[in-house]
Each structure stands twice: as C-alpha cells, then as structure tokens.
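Sequence first, then the predicted structure, then my questions.
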Amino acid sequence: MLFKVALESLKNRRSSVLLTIFALTISISLLLTVEHIRQQAKVSFTRTVSGVDLIVGPRTGSLNLLLFSVYHKGSVGSSMEYSTRALLSQNKNVEWTIPVSLGDTHRGFTVLGTTNDFFQHFQYGLNQPLQIVQGRAFAASNEAVLGATAAKKLGYRLLDGIVLSHGLGSVSFKQHTDFPFKVVGILAATGTPVDETVHIPLQGLAAAHGAKNHTQKSSFTKNIHADKHDHDDEHGHGHGEYHSSAEHQFSSIAPNPKYPLSQISATEPISAIHVGLTNPVAVLSLQQKINQNQEIPLSAILPGIVLNELWQLVSFIEHLLLGIAWLIVVSSCIGLATMLLASMRERTKEIAILRTLGAAPTRIFFLLQIEALGIVLTAILISLMSVTGMLFLLQNWLASTLGLYLTLNLFTLSTSLILLGILAVTCICTLIPAIRGYQDALTNRLQ
Amino acid sequence: MDKLAAIHIQDCHFAYTPESPILHIPSFIVEAGTTVFLRGPSGSGKSTLLQLCTGMLIPQQGQISILGQTISTLSASARDRFRATHIGVVLQQFNLIDYLSVQDNIKLAQHFAKPEALDKHPDYLDELLKALHLSQNILQQKANALSVGQQQRVAILRALINRPKLLIVDEPTSALDEAAKTGFMEMLFRLQHLTDCTLLFVSHDMRLTQGFDQVIDLADINHIATSSMSTAHTGITTAKIKTAKGAQ
C-alpha cells in the first residue's frame, strides 16, 4: 500500500519527477559509461597479447613499439632487416619468433605481413591460441588469412581476391593491383586487433611492393606478370608438391604453385619481431643484451610491463573521469533530495491525513525513501538500457577507430557495486527530506 | 465504569511549552454508545484535545483511556495502531489524499489497522455507500474530482470502514451549505445508529446540537482555556501583556 501511495504521489507530481529522473539518468549513464569503458579498455588492452615474452623492433620508444606492433596504432619510423630474426633465434633461450611487417592496408584494415609462425605461436587473452575457423594458413605467397571482423565487414569468403593499398589510410591512391591476394583462411574472433587485420605472408608483401623497393624483385615480379592471365582458373589446380608448408592439414584449398613460400631475403624490412622464450627467467638479460647491442640499433620490450606503464599514464585520467562522474551523480541525488524537500510544504496535509489514519512517523520516513529509491531505480533502468543501446551502436566504431573491444554486458561486479553505491547515496541524500517528513509527522496538528 | 466509557480523561494536563499550558481537564467522560456535541470555538484547545483522544499527543500529566484502553501509557506505534483500528476521524477538511482514488483512500485506512480487525463482511462497504447516498462508481474516482459534499461523505465512510467504536468528527460541516448540512447530520446519525459507535462531534455551530445525547462546552471542562485565550501563540501574548501590566 505504501508503494501504491508513493507511486500515485510521484505521478501526481510528474513534471518535477520526470525532470529529476532525466537529470539522474544522464548522470548515471555517464558514470556507467565511464566505468564500463574504463574496465573494458583495460581488459581489451591487456588481453591483446599473451604468451609473447619480448617484442623486438627498431630503436624507438617502448610505448611506441608496443602500440605499433600490437595495436597497429601510430608508426615506427624505421624498420629492421629480416636477418635480425635469425640473429635472435641463435640465442639458446629463444623458442620461437614471429616477424611482423606493417604499413599496408586493405580497405581500411591493417595488413600484417608475417609467417605461419604467427598462427602457431601468437596468443591473446589467457594464453588462447589463434584459431583458423575456415580454410587454412599460408601455403603460397599470394594468400591471405583474414581476422574475423575484417572478413565479416568486407563480406569476404574463402577464395575471394583482394588487392592491397600502400599506407595506413582507409583511402589510398596507391594500390598494389599487380599482386592480388586470395583469401585462404578466416580466423575465429578474438576481440583483439587481430580481428581487424588482413594477414599475408612476408613473401607476398614483398611481391606486392614489387620491384621499386627491393633488390629481390626478380623472381616474384616475373611470376606476377606471367600469371596474371591465369589468375582466374587457379582454383581448379591441385598441386600436391606445395605440402612442404607446415599447415598442410588445412589444405582443402590448393595453393598456387606459381607463388611459392620461398626463402625470405635477409634484407627484407620488417617492423617488429615477437619473441617467445623457452626460459622466461632469461627475458631481462636478453632484453638488456638487445637494447645494448652496438651493431644494430634495436629496442626490446616486455609487453606486460609496457602495458602497465601505459595504464599508469591513463589511470590518472581514468580516476579523474570516474571522480567527476561520481560528483555528477551525487549532485543529481542532492537535486532529488531538494525536489522532495520542496514538495514537503505541499505535503504536510497529506502527512497529516496519513497520521490520522494511524500511519506511524516511520512510515512517512519510509514513504519518502521509497519515492526517492523509485525515482533512482527508474533512472538506473533507463540508464542501463540507454548505455547498452549506445554501446551497441558505437561498438563497431570504437573497435575500428580506437581498438576498444567492448562487451554489451554492463553487469560486472564493479558496475553492480556502483549501482549499489548510487542507491546508498540516494538513501543518504533523502535522509534530509525523510527526517523532515518524520518530524512533520510527529508534530503534526489535525488542522 | 472505566470499561464502559468510550473516553475517560482524568486530571489531564497538557502544554506544548511549559510556560503556556493549553489544557487542564480534571474529568471528562463520554459514555460508550452515546452521541456527544462538544462546543469549542477554534483555538480553544479543541484540536489539542482531539489529538490527545486519538493518541497523537500524550498528556504531561493525567490519564486518558479510550474504550477502556489507557492510551497515554501505550508506546507510540501501539497508539498509532490503536487509532487506526478503533478510532474513526473526520476533519473539517483535508480528509482524503487528493491523488488517490476513493477506493485507495479507503484501503489506506484498512492498511494501517490491525488485519484481524478488518471487516470481512462484503456487504459492509455497500451498506455504507447506500447510507451515504454514494454510488458504486465513485470508488474509482480520484478524491480531488469529488465535490466538497462528496468528499466529506467519503471521509465518513472511510472513518467507519474499520468499524471503529469511537467516531470523532471535527467541524465536518463548515464547508457545506445549509441544505447539505442538514442532510449530512441526518446521515451521520443514521450511521452512528447503524454501526453502534460512540460519536464525539466537535463544532462551534450551536445550531447543530439537535439530536445529541449530550452537549458539552469545552470551556466548562477545561480549567485553563477560555475562548479569548486560545492557542499557544496568543496565550504567550496574553501572558506577556499581563506581565507588562503587572510591571506597570
């Protein structure tokens, strides 16, 4: 009955109640958004790379190297030679290495030149390996393996042909039309930048860049020109001899023999090398050794540590934003209390009636608390729906432009705690009008 | 005799502030089942007396028994419960909560009463409606959509819904015109007879005394208040004037 009275009473004062709900909804939405993005950004950033002990790149800032090699953001001015990989592999603690080369795009998606080691060794989240859900890994140099989002957004399926563009813009005037690629594999979604990436073999990248940059142009460019004509009928050819590739278990699609995964030239420029160690204890000494190498200017970073540094930088802003959001929520709650307090003047009559009917002063106190909580719960519900809706709409944009992979599920432990916190703040702020109501009820006169 | 009295006040003192006492009633008894007209102009301590009788205030001294229950010694919540269950109150105005329907206003009265005291008889409400010349569909209407006369009749209905043994009515007719007043008083007596409750009717309008078993002037039972020295506020003013005169 008290709930009914509260509801009818709120309905009776609907214009001020609706305004209050509106103000609260804005502030709660803001708080939820800040908190959600804060959490998710951290999760999304830290889950991007796992199992990689060391990232080695040309001499640059550690943050820069991490952002470039893992998140594909920013740029590393220089590159290093492919031969560095062999040099690293000589170290007895090194178990595996993944060379990566960046700089090209395909219709806005990053193109990553690498080797099949990438699919074998790269991990994300909690040591989850990459999974090719359709097709197979590279078996020829003109093949591409797509990240889940890239495949979905571009509408590509296996055996579709793609052409790379030079540079990291989504619009590029320089197209590597001479060397088209063929989609042979699609990766499972990971919620990391891998989803937004087109993976091609290093040999293919070199061929696409063609004669201009490389001394090694000879064989590839010749091949390309020779094979341009029979590009279309290559599906039918089944050539068993290319099963030298480690990934031949996927080979329902036959590789084109004209584009072999030949030896990569030692001078082929690459952007970074992901390194996995047999003995993780050796990581610091190896890092030091690489960083202090006089002959080749290299940088080696521990991804976990640099990620932490990154978060240290961000956490100040993160806490500031959260603090501001909380202040806005508190001020809205005070606004709510003010609204209730202002309504007390016109409600003395109502309180007198309730008292006459035998309502204890505590009931009046709870009536006001119920009204306030009702308003805030409504605002919370609207906020949850609007934030979820907003995230749903912005999800793709955030993923492709900021590399933020957000889930739509707002109900984490910390958001639940925040919602409880909001309710607590409400109860505290409403104490003022509720106590006022209680006192009115105690001293109320019949007339 | 205590058990028989609906209201039994003994040597009751009350003051909001110690320096300005409002009431001192050596003895006031309303026999159960009777109808009593209590004359008291506004500001004579009448409202205070009613609040004492309904347990919303307790005297600083003395004893108040309602329906045999000494309410001045009950806890605050027990007094509230007692009022909700056993006493029906109709005031001059502001009886109904505007934004609730008539039905919800009635339910509210039942809500605060002891559940076991609720009248389970399904025809009781209809009986009351009929006696008050109210139609069934008034139940769905919002209280603020009713005329003043209808509001007062609904207030009576609501006051009686828990079958109280004591009905306290305070200036219920002041907002009504002459014709409506007569009709209202007739209904009130009929309902008092129907429900067999004790009726304490408070008014300053001596034209309404007809039909009551007893007519009492508040000034006769209250040894402090006079009609000239009325509320706490004017009491203080008078006291000040007196001292000022004394000083001269």
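Alright, I've got the coordinates.

switch to C-alpha atoms for all contacts and neighbour counts from now on
Noted.

need the longest helix for chain B.
Scanning chain B for the longest helix, with DSSP state H as the assignment, gives helix B:178-195.

Quick one: list the elements packing against it.
helix B:123-131, helix B:148-160 (3 or more CA pairs under 8 Å, 6 or more residues apart in numbering or on different chains; DSSP states H and E).

mind listing what's buried in the shortest one?
Okay, so that is helix B:123-131. Residues B:Leu125, B:Leu128, B:Leu129, B:Ala131 are the ones in helix B:123-131 that count as buried (16 or more other CA atoms under 10 Å in any protein chain shown).

wait, isn't the first one in contact with B:Ile161?
Yes - counting by CA atoms under 8 Å, B:Leu125 sits close enough to B:Ile161 to count as a contact (7.2 Å).

Next, count neighbours for B:Asp98.
20 (other CA atoms under 10 Å in any protein chain shown).

same deal with B:Gly149?
By other CA under 10 Å, the residues close to B:Gly149 number 17.

picking that back up, can you say which of the helices and strands packed on helix B:178-195 is nearest to chain A?
Chain A lies closest, by CA to the nearest CA, to one member of these: helix B:148-160, at 8.4 Å.

who touches the closest one?
Residues from elsewhere that reach helix B:148-160 (CA atoms under 8 Å, 6 or more residues apart in numbering or on different chains): B:87-90, B:93, B:95-96, B:102, B:105-106, B:109, B:128-129, B:132, B:134, B:143, B:167, B:172, B:175-176, B:180, B:184, B:188.

So how do I select the buried members of these in PyMOL?
The buried subset of the contacts of helix B:148-160, as determined by 16+ other CA under 10 Å, is captured in PyMOL by this line:
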select buried, chain B and resi 87+88+89+90+93+95+96+102+105+106+109+128+129+132+134+143+167+172+184+188
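
Let's see which of the contacts of helix B:148-160 end up in strands.
Taking DSSP state E as the definition of strands, the contacts of helix B:148-160 contribute B:Ile87, B:Gly88, B:Val89, B:Val90, B:Leu167.

Of those residues, which are in range of chain A?
Filtering the ones in strands among the contacts of helix B:148-160 for neighbours of chain A using CA under 8 Å from any CA of the partner chain leaves B:Val89.

Go ahead and measure how far the helix or strand hosting B:Pro21 is from the middle of the chain.
For B:Pro21, the host element (DSSP states H and E) is strand B:20-31. Centre-to-centre, strand B:20-31 and its host chain are 15 Å apart (CA atoms, centre = their mean, to the nearest Å).

what's the answer for stretch A:197-212, then?
Relative to its parent chain, stretch A:197-212 has a centroid offset of 27 Å by CA atoms, centre = their mean.

could I have that stretch exported to PDB, CA atoms only?
Extracted as PDB, the C-alpha positions of stretch A:197-212 are listed here (Å, rounded to 0.1, in the frame of the first residue of the first chain):
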ATOM      1  CA  THR A 197      43.700  -7.400 -39.600                       C
ATOM      2  CA  VAL A 198      44.500  -9.000 -43.000                       C
ATOM      3  CA  HIS A 199      47.400 -11.400 -42.600                       C
ATOM      4  CA  ILE A 200      49.600 -12.100 -45.600                       C
ATOM      5  CA  PRO A 201      52.900 -13.900 -45.900                       C
ATOM      6  CA  LEU A 202      56.000 -11.700 -45.900                       C
ATOM      7  CA  GLN A 203      56.900 -13.000 -49.300                       C
ATOM      8  CA  GLY A 204      53.600 -11.800 -50.600                       C
ATOM      9  CA  LEU A 205      54.100  -8.400 -49.100                       C
ATOM     10  CA  ALA A 206      57.500  -8.100 -50.700                       C
ATOM     11  CA  ALA A 207      56.000  -9.100 -54.000                       C
ATOM     12  CA  ALA A 208      53.100  -6.600 -53.700                       C
ATOM     13  CA  HIS A 209      55.600  -3.800 -53.000                       C
ATOM     14  CA  GLY A 210      57.300  -5.100 -56.100                       C
ATOM     15  CA  ALA A 211      60.400  -4.000 -57.900                       C
ATOM     16  CA  LYS A 212      60.600  -0.500 -56.600                       C
END
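
Surely A:Asp178 is in contact with A:Ala208?
Yes - taking contacts as CA under 8 Å, A:Asp178 lies within contact range of A:Ala208: 6.8 Å.

Looking at the two, which one has more neighbours?
The neighbour comparison of A:Asp178 against A:Ala208 (other CA under 10 Å) goes to A:Ala208, with 27 against 16.

which residues in the chain form helices?
Let's take chain A. A:2-12, A:14-46, A:62-71, A:83-89, A:117-121, A:148-154, A:202-209, A:217-227, A:283-291, A:303-356, A:361-397, A:413-443.

wait, I meant chain B there
Using DSSP H, helices in chain B cover B:46-53, B:76-86, B:102-112, B:123-131, B:148-160, B:178-195, B:218-221, B:232-247.

Pick out the shakiest of the ones you listed, pLDDT-wise.
The stretch with the lowest mean pLDDT among these is helix B:232-247, at a mean of 39.

Might you report the residue contacts of A:Leu130?
A:Phe119, A:Gln120, A:Phe122, A:Gln123, A:Tyr124, A:Leu187, A:Ala188, A:Thr190.

try 10 Å this time
A:Leu130 makes contact with A:118-124, A:147, A:187-190, A:194, according to CA atoms under 10 Å, 6 or more residues apart in numbering or on different chains.

B:His133 too?
Contact analysis of B:His133 by CA under 10 Å, 6+ apart lists B:Glu127, B:Gln150, B:Arg153, B:Met187.

buried subset of those residues?
B:Gln150, B:Arg153, B:Met187.

Disregarding flanking residues, what is the spatial nearest neighbour of the last one?
Nearest-residue entry for B:Met187: B:Leu132, 6.2 Å, with adjacent residues in sequence omitted and distances by CA to CA, 6 or more residues apart in numbering or on different chains.

Can you give me the distance of whatever residue of the stretch 201-350 of chain A ends up closest to chain B to B:Asp98?
Among all residues of the stretch 201-350 of chain A, A:Glu350 sits closest to chain B, at 6.0 Å; criterion: CA to the nearest CA. Between A:Glu350 and B:Asp98 the distance is 8 Å, computed by CA to CA, to the nearest Å.

Check what pLDDT residue 33 gets.
Picking chain A for this. 89.

wrong chain, I was asking about chain B
Looking at B:Gly33, its pLDDT is 89.

re the thing from before, want to try a markdown table for the helices of chain A, with distance to B:Thr35 as columns?
Below are the helices of chain A laid out as a markdown table (distance: least, CA to CA, whole Å):
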| stretch | distance to B:Thr35 |
| --- | --- |
| helix A:2-12 | 34 |
| helix A:14-46 | 44 |
| helix A:62-71 | 90 |
| helix A:83-89 | 108 |
| helix A:117-121 | 97 |
| helix A:148-154 | 86 |
| helix A:202-209 | 106 |
| helix A:217-227 | 115 |
| helix A:283-291 | 100 |
| helix A:303-356 | 21 |
| helix A:361-397 | 31 |
| helix A:413-443 | 29 |
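
Need the winner for burial among the ones you listed.
helix A:202-209 (a mean of 25; mean count of other CA atoms under 10 Å in any protein chain shown).

Packing partners of that one?
Under the contact criterion of 3 or more CA pairs under 10 Å, 6 or more residues apart in numbering or on different chains; DSSP states H and E, helix A:202-209 touches strand A:94-106, strand A:109-114, strand A:161-166, strand A:175-187, helix A:217-227, strand A:269-270.

Perfect, that will be all.
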